[in-house]
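Student: give the three-dimensional model of this entry:
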Amino acid sequence: MTAIAITPRGPFSLAASMRFLEGFTPAGYRGASDGRVLRLAFPADDGHSTVSAEVRQAEDSEGTVQADVTVHTGNPGEDGMGTASAESDGMSAVRAQLARILSLDVDGSGFPRLAEDDPVVAELIAAYPGLRPVCFYSPYEAAAWAVIGHRIRMVQAAAIKARIAEHHGQRVAVAGESLHAFPTPPALRGLSRVPGLPETKAERLRVLADAALAGDLDAARLRAMPVEDALAHLRTLPGIGPFSAELILIRGAGHPDVFPRHERRLHASMAEAYGLGDPDASDARQLAGISDHWAPYRSWVALLLRTRREEKAPGRPAVARAGQ
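Tutor: Modelled structure (predicted):
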C-alpha cells in the first residue's frame with residue numbers, strides 16, 4: 001500500500017463527489033456507514049493491473065485529498081493476490097489516473113469566476129459547492145458502459161456491468177469492504193460470451209478491449225487532440241455513436257471543456273435554466289453558443305445542470321448542497 005496526496009487547485013469537496021456517485025447508476029456506488037472514505041477499485045491505465053484506493057479529504061486549509069493505494073497484478077477473484085510495488089508499477093501513473101477520476105488534474109481555481117457574469121452558473125455553483133465531475137475510471141470503461149447500455153434501461157445495464165465485474169474482474173479488499181473491479185482489457189477480450197448480452201455487444205466489448213490495449217482509448221491522447229478530432233476518432237470504434245463518443249471524451253477521459261451536443265435532456269435543462277422556449281432547446285448550435293461563456297469548464301457546468309435535473313427525479317439522492 002502506498003500513500004499519495006493530491007492538493008486541489010480551486011474548490012473541491014470529496015463528500016459531494018461521494019454523494020454524486022451514490023446517485024450515478026453506472027457506478028453502482030454504495031456509501032459506507034462512515035461516510036468519510038471513498039472506496040474505489042478499477043483497472044489501471046496500464047491495461048493489465050487493478051488498483052484499489054481508500055480516499056479521504058483532510059480537514060486542512062488546502063483540502064488535501066489523501067489516498068492509500070494498492071496495485072494488484074494477481075488473477076481475478078484472488079483477493080489481495082499479486083500486489084506489486086509502487087516502483088514496478090509506476091505509482092505516478094496511478095496517481096494521475098486517480099486525479100483524473102476526481103477531476104483533480106484540472107486547475108479549478110478559475111471556476112468560481114464564471115459566476116460573476118452568469119446568474120445560472122452562479123446558482124449552480126452555490127447549490128453544489130466543490131462538486132466536480134466524477135469520471136468513469138477510464139475511457140475504456142466508459143466505452144464498455146456505452147456498449148452495454150445501448151438501447152436498454154440504465155438499471156439493467158448497471159446490473160449486467162456489475163455481474164461482469166463480479167465474475168471476471170479482480171476482487172480486492174478496500175477499507176474493510178470487498179469490491180470487484182471491472183475486468184482489465186485482457187480479461188474482457190478473453191470472454192467467449194457475456195450473460196445478459198447479445199453476441200453483437202459481446203463482440204463489440206472484445207474489440208474495445210483490443211482498442212484499449214492498442215492505445216486508442218488512452219485518456220491523455222484523447223484530451224490532447226482537438227475535440228472534433230477526438231470525437232471522430234471515437235466514432236470509428238464499434239457501437240460508438242455521437243452521444244457515446246461525447247460520453248467517453250467527457251466522462252471517460254475527463255475532458256473539462258466540451259459541450260455535449262447530443263444530450264437532449266441536458267439541452268432541455270439549459271433551455272429551462274436560461275428561460276428559452278421549446279424550439280431553442282432543440283437548437284444545439286444556439287446552446288453551444290451559450291456554453292462558450294463557460295469555457296474552459298464547459299463539461300463542469302454541464303455536469304451541474306445534469307445533476308440538478310437528476311435530483312428532481314423521484315427517489316434520487318441529493319448531492320451535498322451548501323449548508324448540508
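Student: hmm, Leu249 is touching Leu234, no?
Tutor: Yes. Using C-beta atoms under 8 Å, Leu249 is in contact with Leu234, at 6.5 Å. The C-beta positions use only the backbone N, C-alpha and C, and glycine is treated the same way.
Student: got any residues that touch both of those two?
Tutor: Common contact partners of Leu249 and Leu234 (C-beta atoms under 8 Å, 6 or more residues apart in numbering): Leu222.
Student: who's more crowded, the two?
Tutor: Legend: neighbour count by other C-beta atoms under 10 Å for Leu249 and Leu234, higher for Leu234 (28 against 25).
Student: and the more buried one, how far is that from Leu208?
Tutor: Per C-beta to C-beta, to the nearest Å, Leu234 is found 11 Å from Leu208.
Student: now do the shared contacts for the two.
Tutor: Ala143.
Student: which SSE is Gly15 in?
Tutor: Small correction: residue 15 is Ala, not Gly. Assigned by DSSP states H and E, Ala15 falls within helix 14-22.
Student: who does the helix or strand following that helix pair up with?
Tutor: Per DSSP H and E, helix 14-22 leads on to strand 38-43 as the next helix or strand towards the C-terminus. Within its sheet, and counting by DSSP bridges, strand 38-43 is paired with strand 50-57 (antiparallel).
Student: in the helix or strand immediately after the partner strand in the chain, what counts as buried?
Tutor: As assigned by DSSP H and E, the chain's next helix or strand after strand 50-57 is strand 65-72. Residues of strand 65-72 classed as buried by neighbour count (16 or more other C-beta atoms under 10 Å): 65, 67-72.
Student: tell me which two of these sit farthest apart.
Tutor: Val65 and His72 (21.4 Å; C-beta to C-beta).
Student: thought Arg223 was touching Asp257?
Tutor: No. The criterion here is C-beta under 8 Å, and Arg223 misses it with Asp257 at 9.6 Å.
Student: sketch out the low-pLDDT regions of this protein for me.
Tutor: For the chain, applying pLDDT under 70 flags the ranges 27-28, 31-34, 74-89, 280, 313-324.
Student: how near is the residue positioned nearest the centre of it to Leu249?
Tutor: Centroid check for the chain by C-alpha atoms, centre = their mean gives Cys135 as the closest residue, at 1.5 Å. Taking C-beta to C-beta as the measure, Cys135 falls 11 Å from Leu249.
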